[in-house]
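**Student:** Sequence and computational prediction follow.
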Number of protein chains: 2
Amino acid sequence: MLGQLARDLVLQVDAVPDAGGSSPVRQRRELLGGKGANHALGLRQLGNAVELIAVAGDDPAGASALHEAVEQGIGVACAARRGTTALLVDVVDSGGARRLLEHVPGDALLTADDVHRASAAITAADTVCLQLQQPAEALLAAAEIATRAQARIVLDGAIEGDARDELLTRAQVVRADAAEAALLTGREIGDLDAARRAAAELLRRGPELVAIGVPGAGDLIAWHGDDAFLRFADSRVVDVTGGGDAFLAGLVTGVRRGWSPERSGRLAAAAASATVQLLGGRPELGRLRPDGAQ
Amino acid sequence: MLGQLARDLVLQVDAVPDAGGSSPVRQRRELLGGKGANHALGLRQLGNAVELIAVAGDDPAGASALHEAVEQGIGVACAARRGTTALLVDVVDSGGARRLLEHVPGDALLTADDVHRASAAITAADTVCLQLQQPAEALLAAAEIATRAQARIVLDGAIEGDARDELLTRAQVVRADAAEAALLTGREIGDLDAARRAAAELLRRGPELVAIGVPGAGDLIAWHGDDAFLRFADSRVVDVTGGGDAFLAGLVTGVRRGWSPERSGRLAAAAASATVQLLGGRPELGRLRPDGAQ
């Protein structure tokens, strides 16, 4: 798993104050976060062995984040240490709406050198997940190593420019929310039909399985010849953060197990639904662990 | 100095995102904060010896906050350690407006027991500053010890109920912003005349020197027989946080040195002005240090 590692600070308030005002924080959680780490946690909780390729700060927050990852069973031997750990402040109001304040220092992003130092781990993996909020040079380096090792490449999110086309050509699985799918395809994703058209285009460009979020409705998964729509579960949403990350973890787990796209998609949707019922983006998927069970 | 100790997390953003949105953080500072600690820092920077009576969490943030206080020359032998350190997230937009998200766990508040354990330090002080955002029982216990020891009592902020009257009777100096002065006197403070009337009422109830903020204009200081109005300096405001705390530190420094109210007020206003030009509430008053100089 290649992607961001951060400190997640989740603050639940009744309402965000106006300028000059203040609000008491009803609940506060502070833990390992960032999309890369959340993917890794979700994958691990669903029974996968995971190595995390990410940058942790050379600070107490970085040490504590890596310690937490290790306690969760995630390999961090490939994680770089430098600078200040990225901080994501997730302010969630009582209606479940969230506002994200993202502090990602420049040296918290992965470089091609970081990736090359992790090449043994990439080569050893059957599946390499690339979270696309990282610099193109790092993503391309990882994709090249993974292709050479005949590993499955999974993309999450979006990236623009030349790297996009090369990564799509190399990838087998792509997940994107509606805004990310719009960046990948140049098409607005307003409804299920638009998501189907975007998925068809992405499938033409390389991947075998595509998942696209449909705003307010659910997730489309599409593969050559067919698709399936997974409507959002009817459960109470506490915080949408991390829903898409958990979806990815479920989807990849199913694919790695050789499950059908539909069955993988159902696990993905269940993982997303479980995560949005929690405050913060961190998944708790242990109960969904698909050990032999459906 | 008795008051709150917290971790201050200051996040500078271009604008606060709407629900569902995100904003990059342009600058982040994370340091010792809370009104009690900021008063202590300001007083120390202006040359006063300071003991801080406060609660630090029994967590890494608490250890780091106390370490920072000690490095700044503040005595922390009387600080209690328990629970989780209070966290104040100060979100400042590019216009200098701030929104405060305050997480103050119940056990981060001082108790009468905490104060009794600090009685030797209170007895040894010539001046005892009480920041009024603490439980009445703790404030009353401190005021009683200070009165017995004939120490000068300084109140900052506001409190309601019976404790208010007893504290005002015992105090020599009171500082309140407009909203706090309204709580103390039951009068709205919309302009300078209203502040004068509130100050006169407070002077009748015990204190010898009263400072009241006038919204958008400046600070009134009043004493028996006269007053002076200190207009806000014409400097660029980066973050209003901590301005009033620095004002208090300047005022107390002048009073302790036996300066006239006007001269004390000028130092207070200069301290406030220097602080609102910085991101975050933490003062940097070393350059204002009034060692013999004016």
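**Tutor:** Perfect, thanks for sending it.
**Student:** From here on, just use CA atoms for contacts and neighbour counts.
**Tutor:** Will do.
**Student:** ok, A:A195 touching A:L220?
**Tutor:** Yes - A:A195 lies in contact with A:L220 (CA atoms under 8 Å); the separation is 7.0 Å.
**Student:** More neighbours: those two, which one.
**Tutor:** It is A:A195, of A:A195 and A:L220, that has more neighbours when counted by other CA atoms under 10 Å in any protein chain shown, with 27 against 23.
**Student:** how close does the more buried one sit to A:D177?
**Tutor:** 10 Å (CA to CA, to the nearest Å).
**Student:** quick one: common contacting residues for these two?
**Tutor:** Jointly contacting A:A195 and A:D177 under the rule CA atoms under 8 Å, 6 or more residues apart in numbering or on different chains are A:212-214.
**Student:** among those, who's most crowded?
**Tutor:** A:I212 (28 neighbours).
**Student:** That one and A:E201 touch, don't they?
**Tutor:** No - contact criterion CA under 8 Å: A:I212 and A:E201 do not qualify, at 11.9 Å.
**Student:** Helices of chain A, start to end?
**Tutor:** For chain A, the helices defined by DSSP state H occupy A:35-45, A:60-71, A:112-117, A:119-124, A:136-148, A:162-170, A:178-185, A:192-204, A:243-256, A:261-276.
**Student:** So for A:L101, which of those helices sits nearest?
**Tutor:** Set against A:L101 and scored by CA to CA, the helices of chain A come closest in helix A:35-45, at 14.2 Å.
**Student:** For the closest one, buried residues please.
**Tutor:** By neighbour count on 16 or more other CA atoms under 10 Å in any protein chain shown, the buried set for helix A:35-45 is A:35-45.
**Student:** And stretch A:126-133, by the same measure?
**Tutor:** Buried residues in stretch A:126-133 (16+ other CA under 10 Å): A:127-133.
**Student:** just the residues you listed that are near chain B?
**Tutor:** Among those, no residue is within reach of chain B (CA under 8 Å from any CA of the partner chain).
**Student:** Which two of these have the greatest separation?
**Tutor:** Distance extremes for those: the farthest pair is A:T127 and A:Q133 at 18.6 Å, using CA to CA.
**Student:** Okay, the most centrally placed residue in chain A and A:S260: tell me how far apart.
**Tutor:** Nearest to the geometric centre of chain A sits A:D245, at 3.6 Å (CA atoms, centre = their mean). As for A:D245, its distance to A:S260 is 20 Å (criterion: CA to CA).
**Student:** next one: A:I145
**Tutor:** 27 Å.
**Student:** who has more neighbours, the two?
**Tutor:** A:I145 (19 against 11).
**Student:** I'd assumed A:S119 was in contact with the more buried one.
**Tutor:** Yes - assessed by CA under 8 Å, A:I145 is found in contact with A:S119 at 6.7 Å.
**Student:** and the residue of the stretch 151-294 of chain A found nearest chain B, how many neighbours?
**Tutor:** Distances between the stretch 151-294 of chain A and chain B by CA to the nearest CA are smallest at A:V240, namely 8.8 Å. When neighbours are defined as other CA under 10 Å, A:V240 has 21 of them.
**Student:** Spatially nearest residue to it, not counting backbone neighbours?
**Tutor:** Counting by CA to CA, 6 or more residues apart in numbering or on different chains, A:V240 lies nearest to A:V276, which is 4.8 Å off, once chain neighbours are set aside.
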